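# sequence plus predicted model, see below.
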Amino acid sequence: MDDLSLAKLRKIKKRGGEWASDIFMHVEAVSSEAGDEGFVDEPQSAPFFPYLLMIVDNQSGLVLVGEISPRLDAYTEDFTKTILKAAHANGKPSRILVCNERTQALFSKLAKQLGAELIMQNHIPLLEEARDGFFERFDDDSINADDQIEEIMNVLADPEMIKALPDAILIQISEAIEHGMLPADVSNHVRKECQRRKL
């Protein structure tokens, strides 16, 4: 990381919980060449399977980060920036659990700079559940946008679930509320929780 990034990282006083993280290949190939609706009839270079970084709050199971790197040869640089943003939004984690050597290599120096303990663990249930859910979205043709929105609304209708959301997610939901995108009852629950946390 550059000196400016390190300086910003040192300024973060807030501590987060325990992160569970994985880097894995996306299930759909992408092309670096742009075309109509993202498709290229005759690409000059072969499509590739990009890497995806997933970070899950290991207490609540909420996905804090689900980021794709468009650059196969520079995904570590992209993901380092993403991790710093996650630390700013959610606080620096106390522990980081990883499940493979690729993810361990990415976090080996970052964990020290975040002041977090890095632990290799073969079986991380909440992370596996989140990753399986991600893959199911691509395998199950029956899931549509309306079903996903209804699922999210059901979760947000429960004030106890809202209390479990990380700050970064609450802030994103608040932005949606400002644009009138959520029902009144959900908006009220979110506003109350934001006031309670002084966000």
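Cool, the structure landed.

# which non-adjacent residue is nearest the residue most central in space within the chain?
Central residue of the chain (C-alpha atoms, centre = their mean): V65, 0.9 Å from the mean position. Spatial nearest neighbour of V65, excluding adjacent residues (C-beta to C-beta, 6 or more residues apart in numbering): I55 at 3.9 Å. Quick note: C-beta positions are derived from backbone N, CA and C, even for glycine.

# neighbours of the one you found, how many?
For I55, the count of nearby residues is 25 (other C-beta atoms under 10 Å).

# so who does I83 touch?
Each residue near I83 by C-beta atoms under 8 Å, 6 or more residues apart in numbering is listed here: 53, 55, 65, 107, 110.

# show me where this protein has strands.
18-25, 51-57, 63-68, 95-98, 117-120 (DSSP state E).

# which among these is found nearest to A89?
For those, proximity to A89 was assessed by C-beta to C-beta; strand 63-68 is nearest, at 7.8 Å.

# give me the distance from that closest one to the chain's centre.
Computed by C-alpha atoms, centre = their mean, to the nearest Å, the chain-centroid distance of strand 63-68 equals 2 Å.

# adjacent strands (with direction) for it?
strand 51-57 (antiparallel) (DSSP bridges).

# let me see the mean pLDDT of the partner strand.
Mean per-residue pLDDT for strand 51-57: 91.

# OK, contacts around R197?
167, 170.

# give me the local confidence score for it.
pLDDT recorded at R197 is 83.

# and for N144?
N144 is given a pLDDT of 55.

# picking that back up, what's the distance between the residue nearest to the centre of the chain and V190?
21 Å (C-beta to C-beta, to the nearest Å).

# what is the least confident helix or strand in the protein?
Within the chain, no helix or strand scores below helix 145-156, which has a mean of 66 by mean pLDDT, DSSP states H and E.

# rank the strands of the chain by mean pLDDT and give me the bottom one.
strand 63-68 (a mean of 87).

# re the thing from before, is it true that the residue nearest to the centre of the chain touches D78?
No. In this structure V65 lies outside contact range of D78 using C-beta atoms under 8 Å: 11.5 Å.

# outline the domain layout of the protein.
Under automatic domain parsing, the residue ranges defining each domain of the chain are 3-127, 144-197.

# using CSV, lay out these together with distance to F135.
Formatted as CSV, the domains of the chain follow (distance: least, C-beta to C-beta, whole Å):
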stretch, distance to F135
domain 3-127, 6
domain 144-197, 15
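
# for stretch 169-181, what is the average pLDDT?
What stretch 169-181 shows for mean pLDDT is 74.

# for M161, which of the strands of the chain is the nearest?
Comparing those by their distance to M161 (C-beta to C-beta), the top pick is strand 51-57, with 13.1 Å.
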